[in-house]
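Just need the structure, nothing else, for what follows:
(chains A and B)
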Amino acid sequence: MTPDLIYGVTGIAVFAIGLVGAIVAQNRLRRVLALKLCSVGAGFVLIVAAWRSPPDAPDPVPHALVITGIVVMVSATAVALALIRRLHSLEAEDDA
Amino acid sequence: MTLDPLTLVVFAPLFGAMAAFVAPRAAAAIGLATMALTGAAVAWLATEVHAAGAVRTPLGGWEPPLGIALRADGLSVAMLVLTTGVGLLVSLGALDSFKGTANARLQQYFWPLWLLLLTGMNGVYLSTDIFNLYVMIEVIALAAVGLTVLSGTRAALRAGLEYMYASILGALLFLLGVGFVYLQIGQLDFAGLIGAEPSAAMSTALALMVVGLLLKTALFPLHFWLPSAHANATAPASALLSGLVVKAALYIFLRLTTYMPLPDEILVALIGALGAGAVLWGGVQALRAERLKMLVAWSTVVQIGLIFIAFARAGQVGLTESWKAAALLILAHGAAKAAMFLSAGRIKDEIGHDIIRDLDRTPVRPTLAQFTFALAAISLIGLPPSLGFIGKWSLMEGAMAAGYWHWVAVTMVGTLMSVGYFSRVMAGFLRFDRVRAPVAEHQGWALADLPPLVLALGAIGLGLAAAPILSFIELGYPFGMTP
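Down below sits the predicted model:
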């Protein structure tokens, strides 16, 4: 097992766990977290693409892609959380 | 650095969105000015493509694979014209329907979100690498969810959240596919995809990206989020979401499957079968819908299915011919569905509800909006001379020539069903015997009736211009394998 294979398989496994969670979870917050797992898994796979067997230097392009992906996911999470919060407070009004 | 139309088409709406967000009071003025500037840039680009075929520009002078290049050919310009044209008319309609102090919040947030959405869509139509496409579909997703929940009602928020989950999941599946591609060939631009050797890893990457895109474009059975999201948004937002947003993922699907052909013809047939499922299931749901906007949203599911049938009917030959039918259907649906959602919104505003059963029990008859609805239905059903007719005709002509009679049959059944569900609505418009009060004292016309009418007339009239449209989208050989 080379390091890139270990990380690659881990990334795919993490993505799969997130995928299952996103499909089956009922709780709104859990589904957001599941999607976050998916993005971590996809990031793993991209990072593996940067791996070069030493002494070669790693490829910097995937790192830039992963940083972009993280920024995108942070904003997406923020929007999802804002929506959940608004829904939560509207539903609390209903119950009151 | 010299100014070129490609850069302007993407960056004008981006800066417009920021300006409209920073200066909410002037949002409408900034929005209209941005739309005018973007429209001018698209026109400029169209003349360049018309003169020279495909044009491309590397951003900041950096060439791929390190930099990002923008490229426009006939098809991408056609999509840009659709997006800016429909977008301009919808936003003019929004100006009228969002006026007044009660709607100040809608007015304030509509413009930045819509301009951001425009940035994302224009970016998709000009992108030449798949990571750039991933970023653009996320931009589209965030802006589209914002537009869905603009009204702030509980139903809209719930539908928007469902849409958000589906959209983000679709984008992440696409991103994982991008990772696989980079792992395999170390390149992300279309040129690299074309040169890639077919392999198991590339097929997996393609499968991941295709499933992500199908989720975002709402092909049956991944359409579950679409009807409530499109039906619960405000009318201008529904028009943009249904007419334009689903087309972005559809366009990426067409491009991607050209540069990375599906490895097996059975998969092409499977996509067609899903399209057939969408046509039939969407048709049944539209026949059962109780609310007008829900019916219109289900009709979008049907039309998306139809476009995938147009894609699939080519079989082994690939997209070399059938993409034209798909492109015509995309253009026709974009204009007609935007018109239909806007007119449905107008009918709801004037009558006060959109329950189909009670459309004939009201003394108020918003006749112009009803007329527009009927015109849009003509194009969506596919009656001549509308653009929808030309699209369906070229779909069936190709299917018959190839001997794929099952696709012809599905298209016919879908067409009959669409006559059925649109008749449900139109019958209500035309019956007057169930109204106790005198009818037609209030015609309910407003400035907001004009944009949908122009769109509906456009969807019908453009059918007469189908030949020039067809020769234009072929400029630069969008599917001739030279990115």
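
For chain B, name the helix or strand with the lowest mean pLDDT.
Ranked by mean pLDDT, DSSP states H and E, the helix or strand of chain B with the weakest confidence is helix B:190-195, at a mean of 84.

So which elements touch that helix?
Contacts defined by 3 or more C-beta pairs under 8 Å, 6 or more residues apart in numbering or on different chains; DSSP states H and E place helix B:190-195 against helix B:154-185, helix B:246-259. Yep, even glycine has a C-beta here, placed from its N, CA and C like the rest.

Provide the contact partners of the next helix or strand after the last one at residue level.
Right, the one you point to is helix B:246-259. Note on helix B:246-259: by DSSP states H and E, the next helix or strand toward the C-terminus is helix B:265-288. For helix B:265-288, the external contacting residues (C-beta atoms under 8 Å, 6 or more residues apart in numbering or on different chains) are B:214, B:219-221, B:223, B:227, B:262, B:295, B:298-302, B:304-309, B:311-316, B:406-407, B:410-411, B:413-414, B:417-418, B:420-421, B:424.

Can you mark which positions in helix B:265-288 are buried?
B:267-269, B:271-283, B:285-286 (16 or more other C-beta atoms under 10 Å in any protein chain shown).

ok and that helix relative to helix B:246-259, angle-wise?
For helix B:265-288 against helix B:246-259, the angle by axes from the mean of the first three to the mean of the last three C-alpha atoms, to 10 degrees is 170 degrees.

can you pull out the strands in the stretch 1-150 of chain B?
B:55-58, B:69-72 (DSSP state E, counting those that start in this stretch).

rewinding a little: what subset of the contacts of helix B:265-288 is buried?
B:214, B:219-220, B:223, B:227, B:262, B:295, B:298-302, B:304-309, B:311-315, B:407, B:410-411, B:414, B:417-418, B:421, B:424.

Please narrow the residues you listed to those residing in helices.
Residues from the buried ones among the contacts of helix B:265-288 lying in helices, with DSSP state H as the criterion: B:214, B:227, B:295, B:298-302, B:304-309, B:311-312, B:407, B:410-411, B:414, B:417-418, B:421, B:424.

And the residue nearest in space to the middle of chain A, what's its pLDDT?
In chain A, the residue lying closest to the centroid (C-alpha atoms, centre = their mean) is A:S39, at 2.0 Å. You'll see A:S39 listed with a pLDDT of 94.

How about the one 4 residues further on?
The confidence metric pLDDT takes the value 91 at A:G43.

ok, now which ones touch the residue in chain A that chain B sits nearest to?
Relative to chain B, the nearest point of chain A is A:V45 (3.7 Å; C-beta to the nearest C-beta). Residues in contact with A:V45 (C-beta under 8 Å, 6+ apart) are A:G8, A:G11, A:I12, A:F15, B:L176, B:G179, B:F180, B:L183.

what helix or strand is it on?
Using DSSP H and E, A:V45 sits within helix A:28-50.

Following element in sequence after that helix, please.
In N-to-C order, the element after helix A:28-50 by DSSP H and E is helix A:60-95.

what about B:L383, how many residues close to it?
Number of residues near B:L383 (other C-beta atoms under 10 Å in any protein chain shown) recorded here: 16.

Please tell me I have it right and it contacts B:F389.
Yes. In terms of C-beta atoms under 8 Å, B:L383 counts as a neighbour of B:F389; the distance is 5.9 Å.

that older thread, right, so of the helices and strands packed on helix B:190-195, which gets closest to B:V77?
Evaluated with C-beta to C-beta, these place helix B:246-259 nearest to B:V77, the distance being 12.3 Å.

which residue packs closest to B:P221, ignoring adjacent ones?
B:G277 (6.8 Å; C-beta to C-beta, 6 or more residues apart in numbering or on different chains).

So which bits of stretch B:333-353 are buried?
B:333-351.

ugh, typo on my part, it should be stretch B:391-409
For stretch B:391-409, by 16+ other C-beta under 10 Å, it's B:G391, B:K392, B:W393, B:S394, B:L395, B:M396, B:G398, B:A399, B:A402, B:Y404, B:W407, B:V408.

Pull the distance from that stretch to the chain's centre.
23 Å (C-alpha atoms, centre = their mean, to the nearest Å).

What are the contacting residues of that stretch?
B:272, B:276, B:306, B:309-310, B:312-315, B:317, B:321-322, B:324-325, B:328-329, B:331-332, B:382, B:411, B:415.
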